[in-house]
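Student: pasting the sequence and the predicted model now:
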Amino acid sequence: MTLLNRWFEEVWNEGREDAIDEMAHFEAKGRGLYGEGGKEVEGVAEFKAFYRSFQSALSEIHVDVQDVLREGDREVARCHVTAKHTGDGLGKPPKGNALSFTGMTWVRIKDGKIAEAWNNFDFLTMYQQMD
């Protein structure tokens, strides 16, 4: 199992916040993920805040990792995400809508942990489906 397979399974599908500490380097950078004030996520604490906002807004989150490529210290995964919008964490009132969107993550691994991630998820489609 690749690091990204494990990341999406344990962190997102199982909802294990403690797995973030196991798999993310403490200085990890999350390119394409934005937290407070529209700033890119940097470090485990900021990623956990980002993660909690998604966890509070979405239920039944499932990330289906469709492909993973690995070479040297890099991995890339192509994913399909499904969830239900049942909470307030993303700034829109919940309507219980089913969400379905795709994305890709490319990571650099350092000391067996994710040190940097470039994320390209279709959050526009996700937000449109919340209305």
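Tutor: Now that the structure is in, tell me what you want to look at. Keep in mind that this is a model prediction, so the values were computed, not measured.
Student: quick one: low-confidence residue ranges for the protein.
Tutor: Nowhere does the chain drop to pLDDT under 70.
Student: any chance you could list what contacts the longest helix belonging to it?
Tutor: Taking DSSP state H as the criterion, the chain has its longest helix at helix 44-57. For helix 44-57, the external contacting residues (CB atoms under 8 Å, 6 or more residues apart in numbering) are 11, 15, 17, 20-21, 24-26, 28, 30, 33-36, 39, 41, 61, 85-90, 92, 94. Every C-beta, even on glycine, is put in place using the N, C-alpha and C of the backbone.
Student: and these, which of them are in strands?
Tutor: 24-26, 28, 30, 33-34, 41, 61, 85 (DSSP state E).
Student: show me what contacts the closest residue to E42 other than its chain neighbours?
Tutor: Spatial nearest neighbour of E42, excluding adjacent residues (CB to CB, 6 or more residues apart in numbering): K29 at 5.2 Å. Counting by CB under 8 Å, 6+ apart, K29 makes contact with 40-43, 115-117.
Student: show me what K29 bridges to in the sheet.
Tutor: Judged by DSSP bridges, the bridge partners of K29 are E42, E116.
Student: cool, and H80?
Tutor: For H80, the beta-bridge partners are D64, T102 (DSSP bridges).
Student: contacts only, for it.
Tutor: 63-64, 66, 100-102.
Student: in stretch 20-32, what's buried?
Tutor: The neighbour-count check on stretch 20-32 (16 or more other CB atoms under 10 Å) flags 20, 23-25, 28-30, 32 as buried.
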